[in-house]
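Chemist: my questions are about this predicted structure, shown below with the sequence.
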Amino acid sequence: MSLYTTKGAITVTCNKRLTPFLEQEVKELGFVPEETFVTGVRLNGTINDCIRLNLNLRCASQVLYSLKKFEARDADDIYRELKSYPWETLLKPDGYFSITSNVLNETINNSMFANLRVKDAIVDRLREKTGKRPSTGAELSGAVVNLFWKNEQAEVFVDTSGESLARHGYRKIPGRAPMLEALAASTILASRWDRKSPFINPMCGSGTVAIEAALIATNSRPGLFRSNYGFMHLAGYNDAVYQEERGKLEKQIMAVPGLKIIATDLSEQAVSNARKNARAAGVDDLIEFKVCDFAASPVPQPGTGVVFMNPEYGLRLGEISALEETYARIGDFMKQKCGGYFGYIFTGNLDLAKKIGLKAKRRIEFYNSTLDCRLLEYELYAGTRDPRKQQAVTE
């Protein structure tokens with residue numbers, strides 16, 4: 001039985017609060033999620049399906065193919081159950097593999113011990129069956145086996161991704177406080193942007209949001225920027241399947257005539273870094289970069305589009321008193337220069353957001369690492385409208 005063509009349970013994980021956007025992506029690829037949960041979705045498919053998921057998903061972290069479920073009271077049970085699994089059909093005896101885990105069991109106070117027992121079981125099995133011992137280590141550059149163990153219920157997966165998919169692979173210079181690529185993509189998917197109208201990104205930093213906007217608009221997938229995945233190191237891997245899927249990525253890239261994406265920052269170094277990252281992503285010709293104060297950012301008029309800003313939160317980079325004035329100026333900029341657009345502010349400081357002086361139409365929950373954040377949506381009316389439509393925030 002080949003796992004490449006035999007359907008089994010697939011778990012696609014993501015960071016917290018990204019599940020709605022991951023589910024949307026999975027459905028657009030033609031898969032039917034059977035279950036959604038806080039950090040991912042579950043579906044049925046083959047490892048060949050995992051290859052397609054890995055190359056296409058923007059919001060995911062890992063694509064895990066389930067190998068075995070079992071009960072385990074302690075680490076000895078883990079060893080016994082996994083030593084009985086036919087690893088010689090999945091892992092190369094002279095290859096390299098790593099172990100990752102998520103463990104919550106009262107007999108384990110260090111997940112590294114659970115990892116060690118998984119590794120021992122696999123190595124002992126392969127040595128007995130093949131006479132060879134594979135190399136192991138912490139780097140996720142080869143095959144990856146993942147253990148999920150909660151209380152007495154355990155499940156072991158082959159991690160077909162390896163390194164996290166949340167980093168899309170083009171960003172060489174991250175900047176001071178970078179937004180993870182999967183998060184940036186999710187916030188854009190959460191917006192009302194039609195992928196054709198102007199996308200304005202003041203305070204662009206290292207350019208992640210503007211670059212992800214260009215990639216989404218042109219249907220350029222993360223698999224274009226990465227050449228190593230966990231599935232490539234499994235026994236029976238057929239490179240022709242991967243090459244066919246990657247070829248599809250090239251063919252589905254779309255030209256968007258007249259697309260205007262503008263990214264600005266007050267820091268000349270930030271704009272220089274953003275240009276380099278955009279060049280690595282192959283979208284530098286789609287983004288107009290400019291060094292200027294955010295309030296001087298060009299906003300094409302008349303028309304509609306999106307203005308997206310990710311200002312400092314006052315938690316890592318700035319002081320609250322200084323940022324209060326900045327957030328107030330953001331509100332003035334949106335009211336005075338962005339009529340007809342939807343404005344989006346991504347922030348981890350809702351008290352500062354009140355200084356913007358506009359009432360958010362939507363507040364979409366995200367995390368930026370461990371920070372509780374919101375993507376605030378503002379409908380910015382063009383011309384004279386009922387002032388109650390753009391009332392100051394008082395709550």
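Modeler: Done, it's in. Since the model is a prediction, treat every value here as computed from it, not as a measurement. Numbering: from 1, shown residues only.
Chemist: low-confidence regions, this protein specifically.
Modeler: Residue ranges of the chain with pLDDT under 70: 1, 315-318, 383-395.
Chemist: residues of the helix or strand encompassing L249 that come out buried?
Modeler: Element membership for L249, per DSSP states H and E: helix 239-251. Buried residues in helix 239-251, counting neighbours by 16 or more other C-beta atoms under 10 Å, are found at 241-242, 245-246, 249. For every residue, glycine as well, the C-beta is placed using N, CA and C.
Chemist: can you tell me which helices and strands that helix packs against?
Modeler: helix 47-56 (3 or more C-beta pairs under 8 Å, 6 or more residues apart in numbering; DSSP states H and E).
Chemist: starting at the chain centroid, how far to whichever helix or strand comes after the helix it packs on?
Modeler: Scanning forward in sequence from helix 47-56 by DSSP H and E, the next helix or strand is strand 62-71. Put simply, strand 62-71 sits 22 Å off its chain's centre (C-alpha atoms, centre = their mean, to the nearest Å).
Chemist: could you do stretch 190-209 as well?
Modeler: Distance of stretch 190-209 from the chain centroid (C-alpha atoms, centre = their mean) equals 16 Å.
Chemist: what of stretch 243-263?
Modeler: Taking C-alpha atoms, centre = their mean, one finds the center of stretch 243-263 at 19 Å from the center of the full chain.
Chemist: before we move on, what about stretch 349-360?
Modeler: Worked out by C-alpha atoms, centre = their mean, stretch 349-360 lies 26 Å from the chain centre.
Chemist: how far does that stretch stretch from start to finish?
Modeler: Stretch 349-360 has an end-to-end distance of 14 Å (criterion: C-alpha to C-alpha, to the nearest Å).
Chemist: ok, for A138, nearest residue in space, not its chain neighbours?
Modeler: Distances taken as C-beta to C-beta, 6 or more residues apart in numbering place S98 nearest to A138, at 6.3 Å, with adjacent residues excluded.
Chemist: surely the one you found and P134 touch.
Modeler: No - S98 is not in contact with P134 according to C-beta atoms under 8 Å; the separation is 10.6 Å.
Chemist: before we move on, the earlier item: quick one, the helix holding L249 and helix 47-56 angle?
Modeler: Relative orientation of helix 239-251 and helix 47-56, computed by axes from the mean of the first three to the mean of the last three C-alpha atoms, to 10 degrees: 30 degrees.
Chemist: next SSE after helix 239-251?
Modeler: Moving toward the C-terminus from helix 239-251, the first helix or strand encountered (DSSP H and E) is strand 261-265.
Chemist: can you pull the buried residues of that next one?
Modeler: For strand 261-265, burial by neighbour count (16+ other C-beta under 10 Å) applies to 261-265.
Chemist: which strands and helices lie in contact with that strand?
Modeler: Counting by 3+ C-beta pairs under 8 Å, 6+ apart, strand 261-265 packs on strand 199-201, helix 208-217, helix 268-281, strand 287-291.
Chemist: and Y85, which of those is closest to it?
Modeler: Counting by C-beta to C-beta, Y85 lies closest to helix 208-217 out of these; the figure is 38.8 Å.
Chemist: where along the protein do the helices fall?
Modeler: Using DSSP state H, the helices of the chain run over 19-28, 47-56, 75-83, 111-130, 181-190, 208-217, 239-251, 268-281, 320-337, 350-353.
Chemist: now, of those, which is deepest in the fold?
Modeler: By mean neighbour count, with neighbours taken as mean count of other C-beta atoms under 10 Å, helix 208-217 ranks first of those at a mean of 26.
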